[in-house]
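*Asks:* Quick check, what structure comes out for this input:
(one chain, ligands or ions: 1)
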Amino acid sequence: MRTLKVDWPACRARGLCFEVLPEVVRLDDWGYPVVEGPVTDDLLGSAREAVRMCPQLALRLVKG
Ligand code: SF4
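*Replies:* Got it, this is the predicted structure:
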């Protein structure tokens, strides 16, 4: 199982991760991502895309 981790000082709340992976990420009232659960195998491709596309390089996919 993998989980998305956000580097909070780097994140600029642009919400691209939510657009790519709405199954796992929602946005709070300020537009910052809230990771709601683990990345299941069927979502791994989208999660990797979210990591690649984050303009701030603020996302990581970690085990556990
Ligand atoms: S795409 Fe990156 S910068 Fe944008 S909200 Fe998600 S983690 Fe933050």
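*Asks:* Phi and psi next, for residue 6.
*Replies:* Backbone geometry at residue 6, expressed as degrees, to the nearest 10, gives phi -100, psi 130.
*Asks:* How about the residues of this structure by the ligand?
*Replies:* 6, 11-17, 33, 54-56, 58-59 (Cβ under 6 Å from any ligand atom). From N, CA and C alone the C-beta is placed, and that goes for glycine too.
*Asks:* Pick out the residue nearest the middle of the protein.
*Replies:* For the chain, the residue nearest the mean C-alpha position is residue 17 (4.8 Å; Cα atoms, centre = their mean).
*Asks:* Nearest residue to that one in space, ignoring adjacent ones along the chain?
*Replies:* Of all residues not flanking residue 17 in the chain, residue 50 sits nearest, at 4.5 Å (Cβ to Cβ, 6 or more residues apart in numbering).
*Asks:* name the helices or strands packed onto the helix or strand hosting that neighbour?
*Replies:* According to DSSP states H and E, residue 50 maps onto helix 44-53. For helix 44-53, the elements it packs on are strand 2-6, helix 16-20, strand 59-63, judged by 3 or more Cβ pairs under 8 Å, 6 or more residues apart in numbering; DSSP states H and E.
*Asks:* Can you give me the buried ones in whichever helix or strand comes after the second one?
*Replies:* Read it as helix 16-20. The helix or strand immediately downstream of helix 16-20 is strand 25-27, counting by DSSP H and E. The neighbour-count check on strand 25-27 (16 or more other Cβ atoms under 10 Å) flags 25, 27 as buried.
*Asks:* Fine, thanks again, bye for now.
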